[in-house]
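# no sequence on this one, just coordinates:
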C-alpha cells in the first residue's frame, strides 16, 4: 500500500502509452497497472484524478491505441466495472464521465446496447452549438481543477470515430 500512494497510475498509463508508440515495452508498468486495477477502486489510483473515468480512459488508451495487449487483465476489469456503473439514462453521471466511459468501452472492444444508450444520452445533452458541457476531472498540486468543453467535445469525436470504424 505504501507503493500505491507514491505511484500515480495516470502518469504511468501515459508513460506506457507513449513508450508503446515508440515501440518500447514497459512491462513493470503493465504488471503494476494489472495488479492495481484488480484490487483498488479506480478513484484512488491517482491523487490528481477527480474522475475515476479519466484514469480508466487512459488505461484503455494504452491498451487499444498504444497496442499494449499485455493490459488485457486490467481491461477486462475495466469493462466489467464500467458496465456495472452505467446508469439507466445511458450516462455515467455527467457528460465528461460519460464520454470518457464511452471511449474506454470502445477501447476494450465492447459493442452493442451499452454504447447505443451512451450515445443516445450524449445526443440528448449536446448543446445547440454541437459542443458538450464539461466537469472537472483533474486537479493540480494546489487544488486547481481542470476541465474544458473542448476536451469533452474532442473525446466525443474520438468516440464517434471509433464507433464508425467499428461498423465499417
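Okay, I see it. Keep in mind that this is a model prediction, so the values were computed, not measured. Numbers count the residues shown, from 1 in each chain.

# what's the spacing between residue 144 and residue 136?
9 Å (CB to CB, to the nearest Å). To be clear about C-beta, it is placed using only N, CA and C from the backbone, and glycine gets the same treatment.

# where's the residue most central in space within the chain, which helix or strand?
For the chain, the residue nearest the mean C-alpha position is residue 57 (1.3 Å; CA atoms, centre = their mean). Element membership of residue 57, judged by DSSP states H and E, is helix 52-64.

# equivalent analysis for residue 36, please.
Using DSSP H and E, residue 36 falls in helix 27-39.

# do me a favour and average the pLDDT over that helix.
The average of the pLDDT scores along helix 27-39 is 90.

# for stretch 153-168, same thing?
The model assigns stretch 153-168 a mean pLDDT of 89.

# what residues sit buried inside stretch 124-136?
Neighbour-count burial for stretch 124-136 flags 132, 134-135 (criterion: 16 or more other CB atoms under 10 Å).

# would you reformat these as JSON lines and include pLDDT and secondary structure?
Putting the buried residues of stretch 124-136 into JSON lines (pLDDT from 0 to 100; DSSP: H, G, I helix; E, B strand; the rest coil) gives the following:
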{"residue": "132", "pLDDT": "93", "secondary structure": "coil"}
{"residue": "134", "pLDDT": "87", "secondary structure": "coil"}
{"residue": "135", "pLDDT": "90", "secondary structure": "coil"}
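
# what would those residues look like in CSV with distance to residue 118?
As requested, those are arranged in CSV below (distance: CB to CB, whole Å):
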residue, distance to residue 118
132, 13
134, 17
135, 16
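
# go through those and say which is closest to residue 81.
residue 135 (19.3 Å; CB to CB).

# wait, isn't the closest one in contact with residue 94?
Yes. Residue 135 lies in contact with residue 94 (CB atoms under 8 Å); the separation is 4.6 Å.

# what helices and strands are in contact with the helix or strand harbouring residue 101?
Secondary structure assignment for residue 101, by DSSP H and E: helix 95-108. With contacts taken as 3 or more CB pairs under 8 Å, 6 or more residues apart in numbering; DSSP states H and E, helix 95-108 sits against helix 52-64, helix 72-85, helix 113-125, helix 149-167.
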